[in-house]
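J.: Okay, sequence plus prediction incoming.
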Amino acid sequence: MWFYVARRFNLFVLTLAILFLLVFLMHKALPGDPLINLSGITNPTFHQLELLDQQYQLDGSVINQYLAFATERLSGNFGLSLTSAQPILNEITQRLPATIELCIYAMILALLVGIPFGVLAAFRYKKMTDLLIVSVSLVFYSIPIFWLGVIGIMFLGLEFQLLPVAGRLNLLYQIEPITGFTLIDIMLSDLTSKAQALRDAFFHLVMPTVTLALFPITVVIRITRAAMLEELNTNHIKAAEARGVSPLIIVLHHALPNAMQPVLAQVSLQLSTLLTSAMVTEVIFSWPGIGTWLMSAIYQRDFPVISAGILICAGLIIVISIVSDLIAIVGTTKRRSLRHGKN
Amino acid sequence: MNKISRLSTKLALVSAIFAQFGCSPAAEDNTQREQGLVYCSEGDPSVFNPQLTTIGTTIDATSNQLYNRLVEYNPRLGKLEPALAKSWSISDDGRTYTFALRDDVVFHQTKYFKPSRRFSATDVAFSFNRIITPTHPYHDISGGNYPFFNSIDLANTINRIEVIDPHTITFHLSSRDSSFLANLATDFAVILSQEYGDYLLSAGQPQLIDIKPVGTGPFILESHYKDNFIRYKSNDLYWAGAPKIKQLVYDITPKSTNRIAKIMTGDCDVSALPQSSELDVIRRNIKLELQVQTGLNVAYWAFNNQAPPFDRLIVRQALAHAINKRAIVKAVYYGSATTAKTVLPPLSWAYHRQLPIYEYNPRKARKMLADAGFPNGFEMTLWAAPAQRIYNPNAVKMAELIQGQLAEIGVKVKIVSYGWGVFMNKLNEYQYDSVLLGWTADNSDPDNFFRPILSCAALMSGNNRVNWCQPQFDQLLNAASGHTNLSQRVDFYRQAQQMLYDEVPLVPIAHALRFQVRDRTVGGISLNPYGGISFAKSHRITKKSF
């Protein structure tokens, strides 16, 4: 197992290095003063210029420049935003929690809805219920979320005015961002009308979360169904059936725990898709996370922010997939002794 | 059986939890919401001091909320009213203005500064000396550019400011200026605190005066989260009576459709600048009211008059003949605007009704271009910002229409577009061939339509985007403001308009109507034809009185 972990770590470092290389090459190809694009300081003084030259080693060879660039970024120096003149790292820490919050709720919702329906479909294999679940999930699997989000805004928001369509909370509730997660921050705040604020935050969450969760729900349904079908055909299940154990207990107690392991492993692979969809969802619902931030940076030609956004999002996906891989290895007895990974 | 009953109890519990949340977010209000008001604004202010800018978004967020002026213009009555000055007198030669100031005005008590004294004449002197005296310690802070005041040449208009006693101040002008009081009433002529200035200077952080504002206005800045929101609380010690709302929030929402969505779902109470295409949706919604105001504004197509071939009159005239204003107004404003003959709207008393127009005539335009030596046309850039302004709801669309119309006479147009902030900065480099911009008047004086955007002084301050400086034109403006006799002034302004027609430094396109949406539970917000919005008198209308 340790050999496997080491291999994964190697892969992690290598992928990061390539990611940095790509972003570095992108910087090389950008129009304008490379120093401004790297640092985000629009009118540097002479002193600053000297310092920046030192930092990014623009006089050195390309390899030196690349190493200097990677060192700066890895130590948390992403430069300043061209539009706001704020350190980009601050902006990231302000916005990342909003994205993560949305992703977590969507994932939880996907598991809460997807697993029961997947189990139900497997249990009623090739019956009406199964066919219905599979076909409905196929429909939602094929719907692009930007369309779904807009339809949701049109009907639930504008036509029937049931749900708010933008933002995280009505701005009249004054919540200090401590953790960056709205619900937790409301609980921590000293607001007098906490219940109403929570209610408001909940309503703001409904549409983005559901929009974002629909795709993972269908994926979870399909994976759970497949894993359960495989599990229900194994010998120990047949033995339990022969002993006369009730079907409910067989499914929940004997089959589900075993079927869960491949499901969770597969779900962690979905996280990168989730992050990408989250960006689209954020733009649709004006959710103040990384997605809207990156999108407005693209409109404003804010190159330091664009490159930082690419590094952060891609880096996040690399970290998540490797960590979830490791968790799967540690958690699965069968795979713990493997020298090579397998999905 | 047992399991099923347990399951059903669980289900009942879950549904009870959901019932707690209710089913409609806008069903009932609560105190937090009733005491506050959310305004969906179209952009982020660049700075919290209106002296430093002419950008409407910044003015809306600062001028009438955080500050006061000596005198204020009442658009309904069409005259000036006392504000921080109780009364004023003008000497017979029209060169000395003496103001008697209020003695019950206090500056904001904020987290970062607690004033120890009341508003007095030294604050007025401080605020204006900052602008007009280059040696003033605050003159060069935040760039040292005061675009509006530079364009009206305030530094040379005011000879000297004299503090007579704490409640009396005198402005000595170097020459008679009939628009002086009107200029003091603009959204830019705000009064800052001298005590705060001294404090920041001794703390070594003078730049904070424009970022962490201290004013006398009805609201106090509490926090600003860039590109997201600005939070104000009410100034309970406001001299004209504390505002009825406790909290004011600007929800910064650049996209118009999002603003409409937010006001329809109750996240906003008032929303700025709905797009013309959305007006029908708003009119159909019984919860919302659409406020309309004939705007004192103009959208124009400015040529860079120093870049060839636009330095040649015949080329400019040809291009003026090549565009179909009527079609543009119809497609971009959906009829919520009138085509413009000159920069001055027909509402103004100095409007030149007999002015000829450049009619839409592509054939003539083509011939003129051929005469100018461009039988096959040429290539040019047209800059348009993807931001919505009062005078132009969709500059990019307008640019595309112009692109299509100019293609007919063989001119190839390349549209250049950046976000608003970057756009305005890049304009200062004068790299464009032509640009779509506009102007919203700050006061009722016609001078305000010419001097800030077309004078030589405006070229120095970076507000003159046509890159055109005609001393003769400036002389006309000076002559007009030097007279107090209305018919003489009209005469000079007509000559100025005639000159703009002859020289075509820019092509005026449209005068837009101004719209604003408000929830019917909110009252006391009036729409001002001169731009700036004010929430000082806003309040919630309770359901009973409704």
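T.: Thanks, I have it.
J.: From chain A, how far off is residue B:117?
T.: 30 Å (C-beta to the nearest C-beta, to the nearest Å). Any C-beta I mention is one placed from the backbone N, CA and C, and that applies to glycine too.
J.: Would you check how far apart that residue and residue B:368 are?
T.: Per C-beta to C-beta, to the nearest Å, residue B:117 is found 65 Å from residue B:368.
J.: ok, the two, which is more surrounded?
T.: residue B:368 (21 against 13; other C-beta atoms under 10 Å in any protein chain shown).
J.: Touching, that one and residue B:317? I think so.
T.: Yes: Residue B:368 is in contact with residue B:317 according to C-beta atoms under 8 Å; the separation is 6.2 Å.
J.: State the mean pLDDT of the helix or strand where residue A:329 lies.
T.: According to DSSP states H and E, residue A:329 maps onto helix A:303-331. Helix A:303-331 shows a mean pLDDT of 85.
J.: Which strands and helices lie in contact with it?
T.: helix A:2-29, helix A:34-39, helix A:88-123, helix A:256-284, helix A:290-299, helix A:333-336 (3 or more C-beta pairs under 8 Å, 6 or more residues apart in numbering or on different chains; DSSP states H and E).
J.: and those as CSV, adding distance to chain B and mean neighbour count?
T.: Converted to CSV, the helices and strands packed on helix A:303-331 look like this (distance: least, C-beta to the nearest C-beta, whole Å; neighbours: other C-beta atoms under 10 Å in any protein chain shown):
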stretch, distance to chain B, mean neighbour count
helix A:2-29, 19, 14
helix A:34-39, 12, 20
helix A:88-123, 8, 20
helix A:256-284, 10, 19
helix A:290-299, 5, 20
helix A:333-336, 31, 11
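J.: right, so of those, which gets closest to residue B:289?
T.: Judged by C-beta to C-beta, the one of those that comes nearest to residue B:289 is helix A:256-284, at 27.8 Å.
J.: now the closest one and helix A:290-299, what's the angle there?
T.: For helix A:256-284 against helix A:290-299, the angle by axes from the mean of the first three to the mean of the last three C-alpha atoms, to 10 degrees is 40 degrees.
J.: need the contact list for the residue nearest to residue A:290 when sequence neighbours are not counted.
T.: Distances taken as C-beta to C-beta, 6 or more residues apart in numbering or on different chains place residue A:99 nearest to residue A:290, at 4.6 Å, with adjacent residues excluded. Each residue near residue A:99 by C-beta atoms under 8 Å, 6 or more residues apart in numbering or on different chains is listed here: A:275, A:278, A:279, A:282, A:287, A:289, A:290, A:291.
J.: Can you pick out the most distant pair from those?
T.: A:275 and A:287 (13.2 Å).
J.: got the contact list for residue 313?
T.: Picking chain A for this. A:275, A:279, A:290, A:294.
J.: wrong chain, I was asking about chain B
T.: B:503, B:504.
J.: Got phi/psi on it?
T.: Main-chain torsions, residue B:313, degrees, to the nearest 10: phi -60, psi -40.
J.: low pLDDT regions in the chain?
T.: If you meant another chain, say so; for now it's chain A. Within chain A, the ranges that satisfy pLDDT under 70 run A:331-343.
J.: Sorry, I should have been clearer: chain B.
T.: Short version for chain B, where the test is pLDDT under 70: B:1-33, B:530-531, B:542-546.
J.: pull the longest strand from it.
T.: strand B:506-519 (DSSP state E).
J.: Tell me the gap between the next helix or strand after it and the middle of its chain.
T.: Counting by DSSP H and E, the next helix or strand C-terminal to strand B:506-519 is strand B:522-523. Computed by C-alpha atoms, centre = their mean, to the nearest Å, the separation of strand B:522-523 from the middle of its chain amounts to 22 Å.
J.: Kindly report the same for stretch B:511-520.
T.: 15 Å.
J.: That one close to chain A?
T.: No: Stretch B:511-520 lies apart from chain A when judged by C-beta under 8 Å from any C-beta of the partner chain; the minimum separation is 12.2 Å.
J.: Spell out which residues of the stretch 101-250 of chain A are next to chain B.
T.: Residues of the stretch 101-250 of chain A lying near chain B (C-beta under 8 Å from any C-beta): A:153, A:157-158, A:161-167, A:170-174, A:191-193, A:196-197, A:199-200, A:202-203, A:248.
J.: May I see the PyMOL selection of the buried members of the residues you listed?
T.: Selecting only the buried entries of these in PyMOL, with 16 or more other C-beta atoms under 10 Å in any protein chain shown as the criterion:
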select buried, chain A and resi 153+157+158+161+162+163+164+165+166+167+170+171+172+173+174+191+196+197+199+200+202+203
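J.: In the stretch 101-250 of chain B, what residue comes closest to chain A?
T.: Using C-beta to the nearest C-beta, the single residue of the stretch 101-250 of chain B nearest to chain A is residue B:249, 4.2 Å away.
J.: So that residue is in contact with residue B:228, correct?
T.: No: counting by C-beta under 8 Å, residue B:249 sits too far from residue B:228 to count as a contact (10.3 Å).
J.: Comparing these two, which shows the higher neighbour count?
T.: Neighbour totals were compared for residue B:249 and residue B:228, and residue B:249 leads with 25 against 19 (other C-beta under 10 Å).
J.: tell me the contacts of the more buried one?
T.: Applying C-beta under 8 Å, 6+ apart, the residues near residue B:249 are A:171, A:172, B:36, B:37, B:38, B:39, B:229, B:230, B:231, B:232.
J.: if I look at the last one, how far off is residue B:241?
T.: Think residue B:232. Residue B:232 is 17 Å from residue B:241, by C-beta to C-beta.
J.: Just want to know which of these two has more residues nearby.
T.: Remark: of residue B:232 and residue B:241, residue B:232 carries more neighbours, 27 against 10, as counted by other C-beta under 10 Å.
J.: which residues are in contact with whatever helix or strand the more buried one lives in?
T.: Using DSSP H and E, residue B:232 sits in strand B:229-234. For strand B:229-234, the external contacting residues (C-beta under 8 Å, 6+ apart) are A:171, A:174, B:45, B:61, B:65-66, B:218-224, B:242-243, B:245-252.
J.: what's the neighbour count on the residue in the stretch 351-500 of chain B positioned nearest to chain A?
T.: Using C-beta to the nearest C-beta, residue B:419 is the residue of the stretch 351-500 of chain B that sits closest to chain A, at 3.8 Å. Using other C-beta under 10 Å, residue B:419 is surrounded by 21 other residues.
J.: For residue B:49, see how far away it is.
T.: According to C-beta to C-beta, residue B:419 and residue B:49 sit 22 Å apart.
J.: Residue B:274 too?
T.: From residue B:274 to residue B:49 the distance is 28 Å (C-beta to C-beta).
J.: for residue A:205, same thing?
T.: From residue A:205 to residue B:49 the distance is 38 Å (C-beta to C-beta).
J.: again with residue B:110
T.: Distance from residue B:110 to residue B:49, by C-beta to C-beta: 15 Å.
J.: which residues sit in contact with the residue nearest the centre of chain A?
T.: Nearest to the centroid of the C-alpha atoms of chain A, with distances taken as C-alpha atoms, centre = their mean, sits residue A:275, at 3.2 Å. Contacts for residue A:275 were tallied using C-beta under 8 Å, 6+ apart; they are A:99, A:103, A:313, A:316, A:317.
J.: what's the answer for residue A:230, then?
T.: Neighbours of residue A:230 in contact, by C-beta under 8 Å, 6+ apart: residue A:259.
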